[in-house]
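**Student:** Quick one, what's the 3D model for this:
(one chain, ligands or ions: 2)
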Amino acid sequence: MAPWGYEKDNGPAHWHKDCPIANGKNQSPIDLINGEVKYDSGLKPLTAKYVPFSDAKFLNNGHSVQFQPSAGNGSELTGGPLAVKYNFEQFHFHWGNNDTEGSEHRVDGKMYPAELHFVHWNSTNPSFKDAVGSGGPNGLAVLGFFLKVGAENAALKPITDLIPKVKDAGTSVTVPSNFDMQAILPATLTDYYTYDGSLTTPPLAECVKWIVFKQPLEVSAAQMEAFRSVINRDGKPMGGNYRPPCPLHDRAVKTSFK
Ligand SMILES: COc1ccc(/C(C)=C/C(=O)O)cc1
Ligand SMILES: [Zn+2]
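**Tutor:** Ligands and ions are numbered 1, 2, ... in the order given. Okay, here's the model as predicted:
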């Protein structure tokens, strides 16, 4: 099979051939149906403590654009549904070619124009790769933020301003060391959906505690257009790099809000 992507000949409907878990019972993303979620008063707010990275890259890996430090620096996530500390690994984006599509998770069937994923790994593992392969839904914790078009996002601007430098697959650029990742997050990480799921790209491992925030972040139309200028591995606009929703099967989606 051609390397996986989101085109007709290598998109999500083909992924099961190399990754049979694609048809598993704990796959992501899902449609978050408010009538079927269950409030859990035991779900506390999350605490993300992000330390500025001195040597991170912003790269185009052919299927997304990704902020990737070269090593950990003590940036971590705790609280919420998590029993232990998770180390920050990377963040990346999924988006559409117009404002009616682009997010991976949906809310009552509605897609947002984009979705931002902060990927963290369970610190009881020796490495990120071990955490991916650790089995069970506690290997990774991924924070999902919907993006909607509105005011310019000043915290993401240092990243969206770098997009023209990573237009082509396989290119990367060093991120200025004064980039403040913490500023991307809302002040309080309170209202979220959480469920056990998977990576949304191959290898599709079912190792993810998903935490998807109810409140979207805003980005400007110009920032959305910057994403839409990115070219994928097949030389086409990368927009549409989202997996459609997967069956919930017998999983519960809990919320930290009523
Ligand atoms: C071991 O290779 C990996 C490839 C991708 C991923 C992620 C983090 C996928 C996703 O964001 O859905 C993890 C491991
Ligand atoms: Zn993602």
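**Student:** How many residues are close by G133?
**Tutor:** Neighbourhood size, G133 [other Cβ atoms under 10 Å]: 13. Where you see a C-beta, it was placed from the backbone N, CA and C, and this is true even at glycine.
**Student:** That one against P203, yeah?
**Tutor:** No. With contact defined as Cβ atoms under 8 Å, G133 and P203 do not form a contacting pair (9.0 Å).
**Student:** Could you tell me how many residues sit around A83?
**Tutor:** Applying other Cβ under 10 Å, we find 10 residues neighbouring A83.
**Student:** gap between the two ends of stretch 199-216?
**Tutor:** Start and end residues of stretch 199-216 are separated by 21 Å (Cα to Cα, to the nearest Å).
**Student:** So it, near ligand 1 or not?
**Tutor:** Yes. Stretch 199-216 comes into contact with ligand 1 (Cβ under 6 Å from any ligand atom), by way of L199, T200, T201, P203.
**Student:** measure the second one to C19 for me?
**Tutor:** With distances defined as Cβ to Cβ, to the nearest Å, the gap from T200 to C19 amounts to 12 Å.
**Student:** More neighbours: which of those two?
**Tutor:** For T200 versus C19, neighbours defined as other Cβ under 10 Å are more numerous around T200 (24 against 18).
**Student:** how much space is there between the more buried one and V253?
**Tutor:** 16 Å.
**Student:** what's the answer for R233, then?
**Tutor:** 33 Å.
**Student:** H120 now?
**Tutor:** Taking Cβ to Cβ, one finds H120 at 20 Å from V253.
**Student:** Neighbour count: the two, which is higher?
**Tutor:** The residue with more neighbours, out of H120 and V253, is H120; 27 against 20, by other Cβ under 10 Å.
**Student:** Tell me if stretch 20-40 is near ligand 1.
**Tutor:** No. Residues of stretch 20-40 are not located near ligand 1 by Cβ under 6 Å from any ligand atom, the shortest gap being 7.7 Å.
**Student:** Check which residues of that stretch are buried.
**Tutor:** For stretch 20-40, the neighbour count (16 or more other Cβ atoms under 10 Å) marks I21, A22, G24, N26, Q27, S28, P29, I30, D31, L32, V37 as buried.
**Student:** What are the boundaries of the helices in the stretch 1-150 of the chain?
**Tutor:** In the stretch 1-150 of the chain, the helices defined using DSSP state H, counting those that start in this stretch lie at 128-132.
**Student:** pLDDT below threshold where in it?
**Tutor:** 1 (pLDDT under 70).
**Student:** residues from it in reach of ligand 1?
**Tutor:** Residues of the stretch 1-150 of the chain lying close to ligand 1 (Cβ under 6 Å from any ligand atom) are H117, V119, K129, V132.
**Student:** Number of residues surrounding the third one?
**Tutor:** Think K129. Counted with other Cβ under 10 Å, residues neighbouring K129 total 11.
**Student:** Would you mind measuring from it to L140?
**Tutor:** Remark: distance between K129 and L140 (Cβ to Cβ) = 11 Å.
**Student:** same check, this time on G239
**Tutor:** Note on G239: its distance to L140, by Cβ to Cβ, is 25 Å.
**Student:** Kindly report the same for S54.
**Tutor:** Look at S54 and L140: by Cβ to Cβ, they are 24 Å apart.
**Student:** who's more crowded, these two?
**Tutor:** Taking other Cβ under 10 Å, S54 and L140 do not tie; L140 has more neighbours (24 against 13).
**Student:** Do you know the pLDDT at the nearest residue to the more buried one once chain neighbours are set aside?
**Tutor:** Distance criterion Cβ to Cβ, 6 or more residues apart in numbering; nearest residue to L140, sequence neighbours excluded, is V208 at 4.8 Å. pLDDT for V208: 98.
**Student:** Kindly state the beta-bridge partners for V208.
**Tutor:** For V208, the beta-bridge partners are L140, G197 (DSSP bridges).
**Student:** Wait, it touches S28, no?
**Tutor:** Yes. Assessed by Cβ under 8 Å, V208 is found in contact with S28 at 6.4 Å.
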